[in-house]
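**Q** Pasting a predicted model and its sequence here:
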Amino acid sequence: REIYNIGYGPSSSHTMGPSRAAGLFLEKNPGAEKFRVTLYGSLALTGKGHGTDSAILKVIDRPDAVEIVWKPDISLPRHPNGMLFEAFVQGNTVDSWEVYSVGGGALWDELGTFDDGNLYPETSMAEVMKWCLDEGCTFVDYVEKYGFKKVYVACDEITYGIAGEKVMNILHDANIDAKAHVFTGGRFIPNEESLGKLMIDAPRDLDLVVAVGTGSINDMCRFFSYQMNVPYAIVATAAPMDGFASSGVALMVDNIKQTIPAQTPLFIIGDTDILCGAPARMISAGLGDLLGKFTCLNDWRISKIVNDEYYCDTVVNLVKDCIENVLKNADKAASRDPKVIGDIMEGLVLTGVAMSFVGNSRPAAGCEHHLNHYWEAIEIQNGQIPVLHGIEVGLAEVVILKMTEFLRESRPDFDAAREKAKQYDQAAWEEKMKE
């Protein structure tokens, strides 16, 4: 597999892959007078925000001779990130190429992949589950299907007891070489120290990373696997947050929480028998994180109006459906109703998918998450164990809603607010935050 260190934009599949494809097609058709590049599915849905067109035009450096066509409502059959390159001479098509950007700058067409890595036809958890049901197979069979030879399992002392040991036993019983890294020392913090420990203990020839746990361990394994250019999966031990399926991670860097691009998981396993056994505070955290979507969607809409930011009604409706599906039976969460716990897990996964569609955290995080990140940073700096992410999001949601009620009932002095905003000093603010 190839490792890419330099590329355009925040998403390798939306920039590095398309730019590489453009280079190959241009090399094959140097005499073409015009080019047309049609982007489908996910590439078209979020390509403008990711700079897909800019990445292509940097390679085919003839803006007047290149037409970019966006078709977000159509997905090609083999992968969501489909492209069709066409070359023209005197108005006639002289060449065309259907190709897919499958992550990390890798490309795939009907002849196969252009890299040493594998292309997995199952592109969603629903497809993975369908394959398992149709074939009467298990997680282990899925791993064997793709020929993974060295599986690296990461968990902490608690999640190892919940599901990590079982995962290791299943893999070993199937004669799959697997190594577990168990984080010790209390509450896991996704920071530089944890990343270093995971890296030092990692097998050099690993080809699949499996996270056993929830938010922090999921984020750390997502980033680690992305840097190692290998796929990863997660076995959830609870449903307290929405980061399972997102493409970004929240890591602590110099004691400040930062969002960093990474990759989505190959598959997610959420067994309700395990999820229903999670501590009550983690179930509450999952519910709190979901309810936080009300204010974040409002923030996104305001930014659309004020800043002309990209806004997708389809993604917004997806997230709203997830919230409303859980909200109507939220009172049953405390009794650990399997249907409700399953709905919470599904809602959290789908909001993560929504973030991946858009390419940022807009569909799932807004001002309520800013408060949570601030509180968490202060807790860590003070040597305290952070309160669960979703619980703080739920609390912040109440604060933001109260502030919203206040603004609706009051008449703000917008002229004074604008003058105050003009006086903002970034350097002074940073110094104040360091106190």
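**A** Looks like it arrived, so ask away.

**Q** Okay, now the unreliable bits of the chain?
**A** 1-12, 104, 110-126, 128-129, 139-140, 142-147 (pLDDT under 70).

**Q** Tell me the buried residues in the longest strand along it?
**A** Ranked by residue count and defined by DSSP state E, the top strand of the chain is strand 92-103. By neighbour count with 16 or more other Cβ atoms under 10 Å, strand 92-103 contains the buried residues Trp97, Val99, Tyr100, Ser101, Val102, Gly103. Bear in mind the C-beta positions are built from the backbone N, C-alpha and C, glycine included.

**Q** next one: stretch 357-368
**A** Phe357, Val358, Gly359, Asn360, Ser361, Arg362, Pro363, Ala364, Ala365, Gly366, Cys367, Glu368.

**Q** Inside helices: which ones of those?
**A** Mapping those onto helices (DSSP state H) picks out Phe357, Val358, Cys367, Glu368.

**Q** Next, the contact list for the last one, please.
**A** Glu368 is in contact with Gly292, Thr295, Cys296, Val393, Ala396, Glu397, Val399, Ile400, counting by Cβ atoms under 8 Å, 6 or more residues apart in numbering.

**Q** Can you report how many residues neighbour the last one?
**A** Okay, so that is Ile400. 21 (other Cβ atoms under 10 Å).

**Q** thinking Gly292 is in contact with Ala396, fair?
**A** Yes. Counting by Cβ atoms under 8 Å, Gly292 touches Ala396, with 7.1 Å between them.

**Q** returning to what we had before: out of the contacts of Glu368, flag the one nearest to Ser284.
**A** Checking these against Ser284 by Cβ to Cβ gives Val393 as the nearest, at 10.8 Å.

**Q** Enumerate every residue touching the closest residue to the closest one other than its chain neighbours.
**A** Of all residues not flanking Val393 in the chain, Gly292 sits nearest, at 4.2 Å (Cβ to Cβ, 6 or more residues apart in numbering). The contact partners of Gly292, by Cβ under 8 Å, 6+ apart, come to Ala364, Ala365, Gly366, Glu368, His369, Gly390, Val393, Gly394, Ala396, Glu397.

**Q** picking that back up, which of the contacts of Glu368 are buried?
**A** By 16+ other Cβ under 10 Å, those give Gly292, Thr295, Cys296, Val393, Ala396, Glu397, Ile400 as buried.

**Q** ok, now how distant is the nearest residue to His79 once chain neighbours are set aside from Ala21?
**A** Leaving aside its chain neighbours, His79 sits nearest to Tyr100 (4.1 Å; criterion: Cβ to Cβ, 6+ apart). From Tyr100 over to Ala21 the distance is 9 Å, taken as Cβ to Cβ, to the nearest Å.

**Q** shared neighbours of these two, anything?
**A** Met83, Leu107.

**Q** Residues contacting stretch 190-199, please?
**A** Residues contacting stretch 190-199 (Cβ under 8 Å, 6+ apart): 154, 181, 183, 188, 216-217, 219-221, 223-224, 249-253, 255.

**Q** how does it look with 6 Å?
**A** Residues from elsewhere that reach stretch 190-199, judged by Cβ atoms under 6 Å, 6 or more residues apart in numbering: His181, Ser216, Asp219, Met220, Phe224, Leu251, Met252.

**Q** Please apply the same query to stretch 164-179.
**A** Val140, Lys150, Val151, Tyr152, Val153, Cys155, Ala180, Pro203, Val212, Val235.

**Q** Please repeat the previous calculation with a cut-off of 8 Å.
**A** 138-140, 143-144, 148-153, 155, 180, 182, 201, 203, 206, 210, 212, 235.

**Q** And for stretch 371-386?
**A** In contact with stretch 371-386 (Cβ under 8 Å, 6+ apart) are residues 186-187, 189, 250, 252, 255-257, 387, 389, 392-393, 396, 399-400.

**Q** Provide a ChimeraX selection command restricted to the buried entries of these.
**A** The ChimeraX selection below is limited to those of these classed as buried (16+ other Cβ under 10 Å):
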select :189,250,252,257,389,392,393,396,400
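
**Q** correct me, but Ala211 touches Phe224?
**A** No. Contact between Ala211 and Phe224 fails when scored by Cβ under 8 Å: they sit 9.1 Å apart.

**Q** Those two - which one has more neighbours?
**A** Each of Ala211 and Phe224 has its neighbours counted (other Cβ under 10 Å); Ala211 has more, 29 against 24.

**Q** For that one, list each beta-bridge partner.
**A** With DSSP bridges applied, Ala211 shows beta-bridge pairing to Ala154, Ile234.

**Q** quick one on the thing from earlier: in its sheet, which strands sit next to the longest strand of the chain, and in what direction?
**A** strand 82-89 (antiparallel), strand 106-109 (antiparallel).

**Q** In JSON lines: those strands, plus mean neighbour count and distance to Gly41.
**A** Below are these laid out as JSON lines (neighbours: other Cβ atoms under 10 Å; distance: least, Cβ to Cβ, whole Å):
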{"stretch": "strand 82-89", "mean neighbour count": "20", "distance to Gly41": "6"}
{"stretch": "strand 106-109", "mean neighbour count": "20", "distance to Gly41": "14"}
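
**Q** From Met403, how far off is Gln423?
**A** Counting by Cβ to Cβ - Gln423 and Met403 are separated by 22 Å.

**Q** Comparing those two, which residue is more hemmed in?
**A** Using other Cβ under 10 Å as the criterion, Gln423 and Met403 rank with Met403 on top: 12 against 7.

**Q** element containing the more buried one, please.
**A** Assigned by DSSP states H and E, Met403 belongs to helix 389-409.

**Q** pretty sure Ser19 belongs to a helix, no?
**A** Yes. Assigned with DSSP: H, G, I helix; E, B strand; the rest coil, Ser19 falls within a helix.

**Q** Which residue, neighbours along the chain excluded, lies closest to it?
**A** Ala55 (4.1 Å).

**Q** before we move on, what SS does the one you found have?
**A** Under three-state DSSP, Ala55 falls in the helix class.

**Q** Could you do Val316 as well?
**A** Classified using three-state DSSP, Val316 is helix.

**Q** Just the helices from the stretch 251-400 of the chain, written as ranges.
**A** Secondary structure of the stretch 251-400 of the chain by DSSP state H, counting those that start in this stretch: the helices cover 272-275, 280-291, 293-307, 313-327, 338-358, 367-381, 389-409.

**Q** Who are the packing partners of the second one?
**A** For helix 280-291, the elements it packs on are helix 313-327, helix 338-358, helix 389-409, judged by 3 or more Cβ pairs under 8 Å, 6 or more residues apart in numbering; DSSP states H and E.

**Q** Switch these over to TSV; also include distance to Leu266.
**A** Shown next, in TSV, are the helices and strands packed on helix 280-291 (distance: least, Cβ to Cβ, whole Å):
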stretch	distance to Leu266
helix 313-327	21
helix 338-358	13
helix 389-409	24
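
**Q** Of these, flag the one that's most buried.
**A** helix 338-358 (a mean of 22; mean count of other Cβ atoms under 10 Å).
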